[in-house]
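> sequence first, then the predicted structure, then my questions.
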Amino acid sequence: MNLLSRYMKLLRHYGPQGWWPTPYYRPGVYSRRFSERERFEICVGAILTQNTAWKNVEKAIKCLKAAKLLNARAIAVSPLAKLQSCIRSSGYYKQKAKKLKIFSKWLIEKYGGNFARFCRRSTLVCRQKLLSLWGIGPETADSMLLFAGHKPIFVIDAYTRRFLAEYGVRLGTYDEYQKYFMDKLPKSVSMYKEYHALIVAWGKDHKTRDVSEEASHKGTHGLVRAK
DNA sequence: TACCAGGTCCTCG
DNA sequence: CGAGGACATGGT
């Protein structure tokens, strides 16, 4: 079974997910262009959801919205304490406040606060620039590029690794996992989005941990998956 | 009560 | 490099 047929299987089983999960989003509809406000919200969400349940991120985003902090300029000039208290529910709130500040200030200084303008250059160049920022690693960068920038880049996360491990595929670095998917799939932005969303749906459905994680969490006991 | 959640950075060998 | 620890809140 190849990656494309696994995708079809997931799609049949779970149905179109509709990601990025903003209120603006319509499941299964990937063609609509986002407004700059929406793009920025996705970027913020990508940072806030680092190792954190999306539920906790939603609260934080609602607070930011209510406080009119959901744009680069507002975050850049906001008192740190105010920003921190607003995103407290998303965990690591001190680090994440700093990350939001750094990202926002950078976006303003280099691209007039406009993510779409930043996205004008090539995917790889954009990726390198995002990765150079403190607080933005490969998954966050790729989430921003794919979901906010509509760029053809496949997002790898913990669920994705588990998903492949389920089929006996275990690789090393983030980039190796990414290459594995991108070498085997057609270059389709909408499919990359949906595939990632479906893998997350699958992951939440299979709340057990796989052997590949056992190796990197020596202190814990991996559970045997119940089929 | 512990463990987990759509990671990333820093330090040390 | 790569492993190991820190970062933090909310749900089960």
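Yep, that arrived. Numbering: from 1, shown residues only, chains lettered A, B, ... in the order given.
> can we go C-alpha only for contacts and neighbour counts from here?
Noted.
> next SSE after the lengthiest helix in chain A?
For chain A, the longest helix by residue count, based on DSSP state H, is helix A:93-111. Counting by DSSP states H and E, the next helix or strand C-terminal to helix A:93-111 is helix A:115-118.
> and the contacts of that following helix?
A:36, A:39-40, A:107, A:111, A:126, A:149 (CA atoms under 8 Å, 6 or more residues apart in numbering).
> reformat those as a markdown table; add distance to DNA strand C.
Formatted as a markdown table, those follow (distance: CA to the nearest atom of the strand, whole Å):
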| residue | distance to DNA strand C |
| --- | --- |
| A:E36 | 28 |
| A:R39 | 24 |
| A:F40 | 22 |
| A:L107 | 22 |
| A:Y111 | 27 |
| A:C126 | 21 |
| A:G149 | 26 |
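> can those go into CSV with extra columns for pLDDT, secondary structure and distance to A:P16?
Shown next, in CSV, are the contacts of helix A:115-118 (pLDDT from 0 to 100; DSSP: H, G, I helix; E, B strand; the rest coil; distance: CA to CA, whole Å):
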residue, pLDDT, secondary structure, distance to A:P16
A:E36, 95, helix, 24
A:R39, 96, helix, 21
A:F40, 97, helix, 24
A:L107, 98, helix, 32
A:Y111, 98, helix, 34
A:C126, 98, helix, 28
A:G149, 96, coil, 20
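> which of those are buried? Put it as a PyMOL command.
Only the buried entries of those go into this PyMOL selection, using 16 or more other CA atoms under 10 Å:
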select buried, chain A and resi 36+39+40+107+126+149
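> quick check: of the contacts of helix A:115-118, which lies closest to A:K99?
A:L107 (12.1 Å; CA to CA).
> check contacts around the closest one.
Here A:L107 is in contact with A:72, A:113-115, A:118 (criterion: CA under 8 Å, 6+ apart).
> highest neighbour count among those?
Taking other CA atoms under 10 Å to define a neighbour, the member of these with the most is A:A72, carrying 26 neighbours.
> and that one, what pLDDT?
pLDDT, A:A72: 98.
> just to revisit the earlier point, how about the longest helix of chain A, does it get close to DNA strand B?
No - if you take CA under 7 Å from any atom of the strand as the test, helix A:93-111 misses DNA strand B, and the best it gets is 7.8 Å.
> just how off-centre is that helix within its chain?
Taking the mean of its C-alpha atoms, helix A:93-111 sits 17 Å from the chain's own mean (CA atoms, centre = their mean, to the nearest Å).
> repeat for stretch A:189-204
With CA atoms, centre = their mean, you get 11 Å for stretch A:189-204.
> and if you look at stretch A:134-149?
6 Å.
> can you tell me what sits against it?
A:19-20, A:34, A:38-40, A:42-43, A:46-47, A:50, A:96, A:99, A:102, A:115-116, A:119, A:123, A:126-127, A:130-131, A:151-157, A:174, A:189, A:192-193.
> of those, just the buried ones, PyMOL syntax please.
Only the buried entries of those go into this PyMOL selection, using 16+ other CA under 10 Å:
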select buried, chain A and resi 19+20+34+38+39+40+42+43+46+47+50+96+99+102+115+116+119+123+126+127+130+131+151+152+153+154+155+156+157+189+192+193
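> list the buried residues of the longest helix of chain A.
A:93, A:96-107.
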